[in-house]
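Colleague: Here is a sequence with its predicted model. Questions after.
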Amino acid sequence: MGDFYFLGLDLGTSGLRALLAAEDGKPVGSSEAHYPVSNPHNGWSEQDPKDWIIACKTTLSSLRENFPKEYRKITSIGVSGHMHGATLLDKTGQVLRPCILWNDTRSHLEANVLDKAEDVQALSGNIVFPGFTAPKLMWVANQEPDIFAKVDKVLLPASYLNFWLTGDMFADMSDSAGTSWLNIEKRNWSQRLLDASSMLLGSMPRLVEGCEVGATLSPHMAQLLDLSDDVVVVGGAGDNAAAACGTGVLGEGGGFVSIGTSGVLLVARDGYHPLPESAVHTFCHAIPNKWYQMGVILSATDSLNWLSNITGLKPAELTKALGCNIKGPCSTKFLPYLSGERTPHNDASIRASFTGIGQTTGVNELTQAVIEGVSFALRDCLEALRQTGAKPSKLTAVGGGSASDIWLQILATTLNIPLDIPKAGEFGAALGAARLAICGRTGQAPQQVMHSPQVERTVQPSKILQDAYETAYRQYSKSYNHLRGLQ
């Protein structure tokens, strides 16, 4: 193709990251802009889509200023976004209300009703979680009927950004898989699923694969952003599928564990292997004829950040105080359900707890208990994934928590799986989105473009402490039912 460049946009919960990449996938430059989340009521989480647009303009302006030659040669764009968000548009394309985000739990009653409807789990491949899109629309119909009556289209956050860029409404399979409206196996909207939540097929965007061209940049947007009017926008991806593209997790058994605000243990699958009752998420991958499954916990580094706020010590200070090497499980235990839990419990109302606190318990013990509790919760995810037939032998560790060596040692030993730590650089969702853009424009196969990052080192499970951590996990796995009985 010559000297062309590609843009990956990662629309995150707290901010937007724009990444400029060359045709070989090598990052050239990046820019970030942040925006707020609104919590008008307990359990509510919303965002104004206008903030996404402002952030996009800001980051692209920065790239244009700092990399003018490369920016002018952008030829394709891929968008990744936080999943499940309900962005409601009227017939004129105007937003009707703030977007209801993935971590909003107001629709738990509607989710419970929809989950029990005939064929819903079988067709969608998943439990209907309160954070998914379909129950949110049921909530709007029940609580905001005037707004629901005006709904013409429902777009996910990444799809809304695609619409802003092109004037066309399209969405990729991986993002759409988290709505409870998609037949995951057939990779198409399901009329039966739409009927179950009183939605119309006409309210859905057109479906494309993540590396497939969705539309061309609109003339107005090309002029506004100072880009060529032949720039294409590909389907893009949900954030976790994009992260899988960024870390080269494409084929059977490949996987990563993300210790971020939430925790994710994701494994790529060559086939469709749903197991809804495990609370494992089974979604389409962003590339054709591939799927992925993941266990999700809602409070990973969020748990350590909570302890940081309580103690007044920074997270890095808390983990540094534990030393360089693990010595064995802590007698104090922590169940990390600060915001409820997804895998394997699907419980929006459960809350966190400490046990085993004594007179000698100090900040160090609480810190270790938090790290171990999150690690045990991720082991729950691994056990659930294994029930589907997934057999990861090694995982790439990413996310803020992976900066803590003590946390990596505890997690590797708890999972009894080696953890590859990538060299510093780009390998997240923004790079994955850019790689999808490369495939869409050049026609290259994803396997040619989406390589695994270089490994800086591998953290091995502790053979000496393996049995102790296995015993501690088995004790932890019994704790949920006891805690549930107290709440």
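Modeller: Happy to help now that I have it.

Colleague: Count the residues that sit near Gly15.
Modeller: If you count neighbours by other CB atoms under 10 Å, Gly15 ends up with 16. Yep, even glycine has a C-beta here, placed from its N, CA and C like the rest.

Colleague: can I assume it is in contact with Tyr35?
Modeller: Yes - in this structure, Gly15 is within contact of Tyr35 by CB atoms under 8 Å, at 6.3 Å.

Colleague: so what's Thr166 up against?
Modeller: 214-218, 221, 233 (CB atoms under 8 Å, 6 or more residues apart in numbering).

Colleague: How about it: what's its closest non-neighbour residue?
Modeller: Leaving out its chain neighbours, the residue that sits closest to Thr166 by CB to CB, 6 or more residues apart in numbering is Ala215, at 3.8 Å.

Colleague: State the number of residues packed around that neighbour.
Modeller: Ala215: 19 neighbours (other CB under 10 Å).

Colleague: Then Phe4?
Modeller: Phe4 - counted by other CB under 10 Å - has 15 other residues nearby.

Colleague: show me the contacts for it.
Modeller: 23, 73-76, 441.

Colleague: host element of the residue nearest to it when sequence neighbours are not counted?
Modeller: Nearest residue to Phe4, sequence neighbours excluded (CB to CB, 6+ apart): Thr75, at 4.4 Å. Under the criterion of DSSP states H and E, Thr75 resides in strand 74-81.

Colleague: Describe which strands that strand pairs with in its sheet and in which direction.
Modeller: Sheet pairing of strand 74-81 (DSSP bridges) gives strand 5-11 (parallel), strand 232-234 (parallel), strand 237-238 (parallel).

Colleague: Now do the strand or helix carrying Ala433 and strand 74-81, the angle between them.
Modeller: Element membership of Ala433, judged by DSSP H and E, is helix 429-442. Interaxial angle, helix 429-442 versus strand 74-81 (axes from the mean of the first three to the mean of the last three CA atoms, to 10 degrees): 140 degrees.

Colleague: just checking, what packs against helix 429-442?
Modeller: strand 5-11, strand 15-22, strand 27-34, strand 74-81, strand 232-234, strand 237-238, helix 239-246, helix 446-449 (3 or more CB pairs under 8 Å, 6 or more residues apart in numbering; DSSP states H and E).

Colleague: secondary structure class for the residue of the chain most remote from its centre?
Modeller: What lies farthest from the middle of the chain is Gln359; by CA atoms, centre = their mean that is 39.6 Å. The three-state label given to Gln359 by DSSP: H, G, I helix; E, B strand; the rest coil is coil.

Colleague: which phi and psi does it have?
Modeller: Backbone torsions for Gln359, taken as degrees, to the nearest 10, come to phi -70, psi -20.

Colleague: Could you check the pLDDT of it?
Modeller: Gln359 is assigned 95 on the pLDDT scale.

Colleague: Then Gly2?
Modeller: At Gly2, pLDDT is 59.

Colleague: Repeat that for Gly425.
Modeller: 78.

Colleague: three-state assignment of it?
Modeller: coil.

Colleague: In space, what's closest to it - neighbours in sequence excluded?
Modeller: Pro453 is the one closest to Gly425 (CB to CB, 6+ apart), at 6.6 Å.

Colleague: Is that neighbour in contact with Pro422, as I believe?
Modeller: Yes - assessed by CB under 8 Å, Pro453 is found in contact with Pro422 at 3.8 Å.

Colleague: So for those two, which residues contact both of them?
Modeller: By CB under 8 Å, 6+ apart, the residues touching both Pro453 and Pro422 are 247, 396.

Colleague: ok so, going back, how close does the residue farthest from the centre of the chain sit to Gln368?
Modeller: Distance, Gln359 to Gln368, using CB to CB, to the nearest Å: 17 Å.

Colleague: go on, His451?
Modeller: 36 Å.

Colleague: out of those two, which sits in the busier spot?
Modeller: Taking other CB under 10 Å, His451 and Gln368 do not tie; Gln368 has more neighbours (25 against 14).

Colleague: what about the more buried one, is that helix, strand or coil?
Modeller: Following three-state DSSP, the label given to Gln368 is helix.

Colleague: Look at the nearest residue to it once chain neighbours are set aside and give its secondary structure.
Modeller: Of all residues not flanking Gln368 in the chain, Cys330 sits nearest, at 4.2 Å (CB to CB, 6+ apart). Here Cys330 is recorded as coil under three-state DSSP.

Colleague: Count the residues that sit near Cys330.
Modeller: So Cys330, with other CB under 10 Å, has 22 neighbours.

Colleague: wait, it sits on Gly373?
Modeller: No - Cys330 is not in contact with Gly373 according to CB under 8 Å; the separation is 9.4 Å.

Colleague: what about burial for the contacts of Phe4, which qualify?
Modeller: 23, 73-76, 441 (16 or more other CB atoms under 10 Å).

Colleague: Show the contacting residues for Gly78.
Modeller: 6-9, 210, 233-237, 242, 432-437, 440.

Colleague: do the same with Ala377
Modeller: 263, 297, 300, 335-336, 341.

Colleague: Now intersect the residues you listed with the strands, please.
Modeller: Using DSSP state E, the subset of these located in strands is 263, 297, 335.

Colleague: For those, which entry has the maximal number of neighbours?
Modeller: Gly263 (29 neighbours).

Colleague: In this structure, where is pLDDT below threshold?
Modeller: 1-2 (pLDDT under 70).

Colleague: just the helices and strands packed on helix 429-442: most buried one?
Modeller: The highest average neighbour count among those, using mean count of other CB atoms under 10 Å, belongs to strand 237-238 at a mean of 34.

Colleague: Would you map the helices across the stretch 101-250 of the chain?
Modeller: 108-115, 120-124, 133-143, 145-148, 157-166, 173-176, 191-196, 219-225, 239-246 (DSSP state H, counting those that start in this stretch).

Colleague: so how far is Pro27 from the spatially closest residue to Gln454 that is not a sequence neighbour?
Modeller: Leaving aside its sequence neighbours, Gln454 sits nearest to Lys423 (CB to CB, 6+ apart; 4.5 Å). Relative to Pro27, Lys423 is positioned 13 Å away (CB to CB).

Colleague: Just give me the neighbour total for Arg206.
Modeller: 13.

Colleague: again, but for Gly328
Modeller: 13.

Colleague: Spit out the contact partners of it.
Modeller: Taking CB under 8 Å, 6+ apart, one finds 465, 468-469 in contact with Gly328.

Colleague: Kindly indicate which of those lies nearest Ser479.
Modeller: Tyr469 (15.3 Å; CB to CB).
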